[in-house]
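S.K.: next input, structure requested:
(chains A and B)
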2 protein chains.
Amino acid sequence: MTEPAATNEVTVRWTGEKRFLCTSARGPGLIIDAVDGGAGMKPTETLLAALGTCAAVDVVEILRKKRVNIESYRIELAGQRATTHPRRYERVTVRHVVKAAGLTPDALEQAVKLSTEKYCSVAATLNAEVVSEWEIEG
Amino acid sequence: MTEPAATNEVTVRWTGEKRFLCTSARGPGLIIDAVDGGAGMKPTETLLAALGTCAAVDVVEILRKKRVNIESYRIELAGQRATTHPRRYERVTVRHVVKAAGLTPDALEQAVKLSTEKYCSVAATLNAEVVSEWEIEG
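M.R.: The predicted structure follows:
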């Protein structure tokens, strides 16, 4: 499937210390803060949030098309950092935990793999190893 | 410089439609929403925000050590997407615009390059081409 070429634009404004307000033309922005216990997530945590939500958006769509009624859905991400600077993520585990009546592990696996490998722009932009896991919650 | 191995953890919770609440153990979370005009930034925009803030944190630190008094600092990011799925970012331009009395283009260039190439964990985790630009605001 081919889509028109697109450019995404984001503006980041420094608001003092290690805090930043990030906005796009689309609507509400977000605060990122590199200080522990600060006003927002750290940049490296925000990267994990971008990956988890990107992978999840299409999981939700795929399950909806299969008429699965999702009761709850959370994604647990764990990113292992290198020990030397710039301390890149070497490996990120993305665990999809879904509660939905009638959902089978096979159907969830299929949705997670299709979403992550075929549609997830963020995963495709990372050089880290992205490992998907999935679990049906009872 | 070597730091202890570390794992970053983030939990993402689906809150309906294409909205997600993302949290870490550290403090405030953020909302990501893949719907245009929704309750937050899109996952792909959030990736740019993570990159821009990660690069900027050390620019602020480096300039501080040089006793530069930053009056304002914004980072403009533009990410070019591929036309075929998964539509990864092929190239991201990160433009650092700083207003500070006495700051020279050379000093800003040095801070941007050192920060982006040596310290920025997010840039080092991307397979996209990351292009840095810088500008002193009058």
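
S.K.: per-domain residue ranges of chain A.
M.R.: With domains defined by automatic domain parsing, chain A comprises A:8-40, A:43-136.

S.K.: list the contacts of A:Glu133.
M.R.: A:93-96 (CB atoms under 8 Å, 6 or more residues apart in numbering or on different chains). Every C-beta, even on glycine, is put in place using the N, C-alpha and C of the backbone.

S.K.: adding distance to chain B and neighbour count, write those residues out as JSON lines.
M.R.: Below are the contacts of A:Glu133 laid out as JSON lines (distance: CB to the nearest CB, whole Å; neighbours: other CB atoms under 10 Å in any protein chain shown):
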{"residue": "A:Thr93", "distance to chain B": "9", "neighbour count": "16"}
{"residue": "A:Val94", "distance to chain B": "9", "neighbour count": "26"}
{"residue": "A:Arg95", "distance to chain B": "10", "neighbour count": "17"}
{"residue": "A:His96", "distance to chain B": "10", "neighbour count": "24"}
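
S.K.: now do the contacts for the residue most central in space within chain A.
M.R.: Per CA atoms, centre = their mean, the C-alpha nearest to the average position across chain A is that of A:Gly52, at 1.9 Å. Neighbour list for A:Gly52: A:75, A:77, A:94, B:10, B:12, B:20, B:22 [criterion: CB under 8 Å, 6+ apart].

S.K.: out of these, list just those in helices.
M.R.: Nothing among the contacts of A:Gly52 maps onto helices, per DSSP state H.

S.K.: need the mean per-residue confidence for the top helix by length along chain A.
M.R.: Longest helix of chain A, by residue count under DSSP H: helix A:43-65. Here helix A:43-65 scores 98 as its mean pLDDT.

S.K.: I am finished for the moment; much appreciated.
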